[in-house]
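Student: Just the structure for this:
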Amino acid sequence: MSFLSNLFSKEKKESLDHGLQKSKESFFGKLGKALIGKSTIDDEVLDNLEEILISSDVGVDTTLKIIKRIQERVAKEKYVGAQELDRVLKEEVASLLSENNNSTESDFEIPAHAKPYVMMVVGVNGVGKTTTIGKLSAQFKKRGKTVLLGAADTFRAAAVDQLKLWGERNNVAVVSKGMNTDPSAVAFETVQKGVEQNADVIIIDTAGRLHTKVNLMQELSKIKRSIEKVLPGAPHDVLLVLDGSTGQNAVIQAREFTKATEVTCLAITKLDGTAKGGVVIGISDEFKIPVKYIGVGEKTDDLQVFNKMEFIDSLFQKN
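Tutor: Down below sits the predicted model:
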C-alpha cells in the first residue's frame with residue numbers, strides 16, 4: 001500500500017512539474033537575465049524581480065508584499081547574495097501561502113461530518129467549470145465514493161449535455177430537468193435524491209451568466225436556500241472555478257463572485273497552457289480563500305488537490 005501511495009505521489013508530482021513548465025521557464029528565464037553580472041541583491045535586482053513577478057500575474061499587492069519581505073531578509077541576513085535569490089523567494093512565497101490557509105492534503109478527501117457532502121460549483125462560462133465537475137466526480141468515484149451530479153446550469157443546453165456526458169463516462173447519475181428550467185428546483189431535487197440514496201458526494205453545477213434579468217447574487221442565494229431546505233448546513237463548500245490562463249481576469253472574476261456569494265474554496269484550471277502560474281499565489285493572497293484544486297492538463301488525474309509545498313517545489317524547480 002505504501003508503495004502504491006508513493007507511486008501515485010510520484011506520478012502526481014511529474015504531472016505537476018509538466019503542467020507548470022511554461023510558467024517555470026518564463027519566470028527563470030527572466031530572473032536569470034535580471035541577475036547577469038550581479039553578486040548582491042540590490043535595488044536594481046529587486047526592481048527587476050518586481051517586474052518579473054507582476055508579469056507572471058502574481059499581482060501588484062502580493063508582489064510588493066514579497067519584495068518587502070525579501071528586503072527585510074537581505075537587511076537582516078547580510079550574507080544573502082544574488083545567487084541565493086531563488087531560494088529566498090521560494091521560502092517567502094511558501095510562507096505567504098502558509099498564512100493563507102491553503103490545503104496540504106494529498107488526496108481527494110471529504111469532511112467526515114458531512115454525509116452527503118454537498119458542493120455547489122460557480123464560475124463564468126468557459127473557465128472549465130463543467131469539466132472540473134466531471135473530473136472531480138471521477139476522482140471521488142475512484143476512491144469508492146458514490147457521487148450524484150445536478151445540472152443546474154439550465155441556461156445553456158451545452159452545459160446540461162456536457163454534464164450528462166461526464167456522468168455517462170464516469171458511470172455517475174445526473175439529475176437534469178433540461179434547459180430553461182428553474183436552477184433551484186434542480187438543486188433541490190438533486191440533494192433530495194442524494195439524501196434518499198445515501199450518496200457520499202453531491203455536486204451542483206450552476207450558471208456562469210444568466211440570460212434573464214435575475215441578478216446573479218439573487219439566483220445563487222436562491223439555489224443555496226433550496227439546498228439547505230433539504231439538508232441543513234449544506235452546501236458544505238461553494239467552489240469557484242477560475243481559468244488560470246486568463247491571469248488578472250481570473251482575479252477580477254474572483255472579486256465578482258466573492259461579492260455575489262460566499263465562496264469557500266477555489267479551483268484554478270488550465271495552468272498547463274500558460275506562463276501565468278503566479279496567479280495562484282496572487283489569488284490565494286488577495287482573497288484568503290483556500291485553493292483546493294488545480295488543473296495542470298487534460299487528463300482526469302491532471303486535476304489535483306492543491307498542495308502548496310508541491311506547487312512551490314515544481315514552480316521553483318530548475319531544469
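
Student: Tell me which stretches of the chain form strands.
Tutor: Secondary structure of the chain by DSSP state E: the strands cover 117-122, 147-152, 173-175, 201-206, 237-243, 265-269, 291-295, 303-305.

Student: What angle do strand 265-269 and the longest one make with each other?
Tutor: To tie it back to what came earlier, the one meant is strand 237-243. Angle between the axes of strand 237-243 and strand 265-269 is 20 degrees (criterion: axes from the mean of the first three to the mean of the last three C-alpha atoms, to 10 degrees).

Student: name the helices or strands packed onto strand 237-243?
Tutor: Judged by 3 or more C-beta pairs under 8 Å, 6 or more residues apart in numbering; DSSP states H and E, strand 237-243 is in contact with strand 117-122, helix 129-142, helix 248-260, strand 265-269, strand 291-295. For the C-beta atoms, the positions are set from N, CA and C on the backbone; glycine is no exception.

Student: Same list (the ones you listed) but as a markdown table, adding mean pLDDT.
Tutor: What follows is those, written out as a markdown table (pLDDT from 0 to 100):
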| stretch | mean pLDDT |
| --- | --- |
| strand 117-122 | 97 |
| helix 129-142 | 95 |
| helix 248-260 | 86 |
| strand 265-269 | 95 |
| strand 291-295 | 93 |
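
Student: Out of these, flag the one nearest Val88.
Tutor: With distances scored as C-beta to C-beta, the stretch of the helices and strands packed on strand 237-243 nearest to Val88 is strand 291-295 (22.9 Å).

Student: Run the chain-centre distance for that closest one.
Tutor: Relative to its parent chain, strand 291-295 has a centroid offset of 3 Å by C-alpha atoms, centre = their mean, to the nearest Å.

Student: repeat for stretch 223-243
Tutor: Using C-alpha atoms, centre = their mean, the offset of stretch 223-243 from its chain centre is 17 Å.

Student: Repeat that for stretch 28-35.
Tutor: With C-alpha atoms, centre = their mean as the basis, stretch 28-35 stands 28 Å off its chain's centre.

Student: what about it, average pLDDT?
Tutor: Here stretch 28-35 scores 81 as its mean pLDDT.

Student: circling back: between the helices and strands packed on strand 237-243, which gets nearest to Arg225?
Tutor: Of those, nearest to Arg225 by C-beta to C-beta is strand 117-122, at 11.5 Å.

Student: Strand partners (parallel or antiparallel) of that closest one?
Tutor: Applying DSSP bridges, strand 117-122 is found paired with strand 201-206 (parallel), strand 237-243 (parallel).

Student: Any chance of a markdown table for those strands, columns mean neighbour count?
Tutor: Shown next, in a markdown table, are those (neighbours: other C-beta atoms under 10 Å):
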| stretch | mean neighbour count |
| --- | --- |
| strand 201-206 | 29 |
| strand 237-243 | 24 |
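
Student: Quick check: which of those is nearest to Lys76?
Tutor: strand 237-243 (35.7 Å).

Student: What distance do you get for the nearest residue to Glu109 once chain neighbours are set aside to Thr261?
Tutor: The shortest distance from Glu109 to any non-neighbouring residue, by C-beta to C-beta, 6 or more residues apart in numbering, is to Val305 (7.9 Å). Using C-beta to C-beta, to the nearest Å, Val305 is found at 23 Å from Thr261.

Student: quick one: Gly244 and Lys270 touch, right?
Tutor: Yes. In terms of C-beta atoms under 8 Å, Gly244 counts as a neighbour of Lys270; the distance is 5.4 Å.

Student: which residues are in contact with both of the two?
Tutor: Both Gly244 and Lys270 are in contact with Gly295, where contact means C-beta atoms under 8 Å, 6 or more residues apart in numbering.

Student: Neighbour count: the two, which is higher?
Tutor: Between Gly244 and Lys270, counting by other C-beta atoms under 10 Å, Gly244 is the more crowded of the two (28 against 22).

Student: can you pull out the helices in the stretch 1-150 of the chain?
Tutor: 2-19, 21-34, 43-55, 60-76, 85-99, 129-142 (DSSP state H, counting those that start in this stretch).
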